[in-house]
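In: Whatever this is, show me its structure:
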Amino acid sequence: MSNNFKISGVVPPVVVPDTPDRKLDVASYERNLNRMIDAGVDGLFVLGSSGEVVFSTDERREEVIRESVRIIDGRVPLLVGIIDTETERVIEQGKRAAALGADALVATAPFYALGGATENEEHFRILHDELDLPIFAYDIPVCVHTKLGWKMLAKLGEEGVLAGVKDSSGDDISFRYLCQANAKAGHPMSVLTGHEIVVDGAYLSGADGSVPGLANVEPEGYVRMWKAAQAGDWATVKAEQDRLNEISHIFDVTSGLQGYAGGVGAFKTALWLMGIFDSNQMPRPVKAMEGANVEAIRTVLAENGLL
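Out: Residues are numbered from 1 along each chain as shown. A predicted model of the protein is given here:
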């Protein structure tokens, strides 16, 4: 299919709340989605890294998509992660997401039988050929152990294979080159940054928007930042980023935690303390934050006026 799907602005990767017995907490989920939509976000990305996609069974994925479609009710576009180990499983996830009402699909490179650039390019071509929705490439080498080359991404965008890129690579040079190549080609793709701490720099590089996990906690600031960037008010862009970065210290005030427990765990704990989630439960085998770590996050939120 041809990719005519365009998106820009703020597209948070949705954090998914669990009940204490690790079921989807639908009431908390609805509060969170409505709160971000009311704040003015431009889309929502479910079943990404922040959305526990790789922890989720097929049944859980279906439930998240179904509830997302119901709650969003067409108010903003819904991007759905179809992240899985290899191409055939990604296709299965994509067909299911399309049938349930997704507007676009987000896929990483395969991450078990690792291939090279040739296999990764073919992976995205196959997804484009066999799925009936726009495809976004999700560049997150820290999780999938493969960096998607900017030249390949630009080529696939120019050829209509990719509708966009969600970049969480941490490679600012590659991202800048990709934005420039995309512009030279007539801007066929929506290029989004997933690095919530340096969104201002990504906008200066030519990003079409951001996918900030921290927007689950404070969506209004990211919306203001985007609007300021559109207006060319770079002083406000920087001021908003600096303010949001103070909130981002929820990631580094804890101790004794690693990886997902300290990252998405911080989001869930913050949302719980703010009364948006009813629990900060995590998927097995990850433990929910407790004790001093919870209090450390409470302090950051209080100091930034979020309690």
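
In: What segments of the stretch 151-300 of the chain are strands?
Out: Assigned by DSSP state E, counting those that start in this stretch, the strands in the stretch 151-300 of the chain fall at 164-167, 190-193, 209-210.

In: how about TSV for the ones you listed, with distance to residue 24 and mean neighbour count added?
Out: Placement of C-beta: from N, CA and C, glycine included. As requested, the strands of the stretch 151-300 of the chain are exported to TSV (distance: least, C-beta to C-beta, whole Å; neighbours: other C-beta atoms under 10 Å):
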stretch	distance to residue 24	mean neighbour count
strand 164-167	23	28
strand 190-193	26	27
strand 209-210	26	26
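
In: Spit out the contact partners of residue 274.
Out: If a contact means C-beta atoms under 8 Å, 6 or more residues apart in numbering, then residue 274 has 217, 301, 306-307 as its contacts.

In: I'd guess residue 60 is in a helix, am I close?
Out: Yes - assessed by DSSP: H, G, I helix; E, B strand; the rest coil, residue 60 belongs to a helix.

In: Use 52 as the first number from now on
Out: OK, 52 is where the count begins now, so the last one is residue 111.

In: Can you tell me the closest non-neighbouring residue to it?
Out: Among residues not flanking residue 111 along the chain, residue 75 sits closest, at 6.9 Å (C-beta to C-beta, 6 or more residues apart in numbering).

In: same thing with residue 63?
Out: residue 266 (3.9 Å).

In: re the thing from before, the residue nearest to residue 111 bridge partners, please.
Out: Residue 75 has these beta-bridge partners by DSSP bridges: residue 69.

In: quick one, which of the strands of the stretch 202-351 of the chain is nearest to residue 198?
Out: Nearest to residue 198 among these is strand 215-218 (10.5 Å), distances taken as C-beta to C-beta.

In: Just checking: what are the partner strands of that closest one?
Out: Here strand 215-218 is paired, per DSSP bridges, with strand 186-190 (parallel), strand 241-244 (parallel).

In: Mind jotting down where the helices sit in the stretch 152-301 of the chain?
Out: 168-181, 192-195, 201-209, 223-235, 250-256, 270-281, 285-298 (DSSP state H, counting those that start in this stretch).

In: and the angle for the third one with strand 186-190?
Out: Computed by axes from the mean of the first three to the mean of the last three C-alpha atoms, to 10 degrees, the angle separating helix 201-209 from strand 186-190 equals 170 degrees.

In: What is the distance between helix 201-209 and the centre of its chain?
Out: Offset of helix 201-209 from its chain centre (C-alpha atoms, centre = their mean, to the nearest Å): 21 Å.

In: Which strands and helices lie in contact with that helix?
Out: With contacts taken as 3 or more C-beta pairs under 8 Å, 6 or more residues apart in numbering; DSSP states H and E, helix 201-209 sits against helix 168-181, strand 186-190, strand 215-218, helix 223-235.
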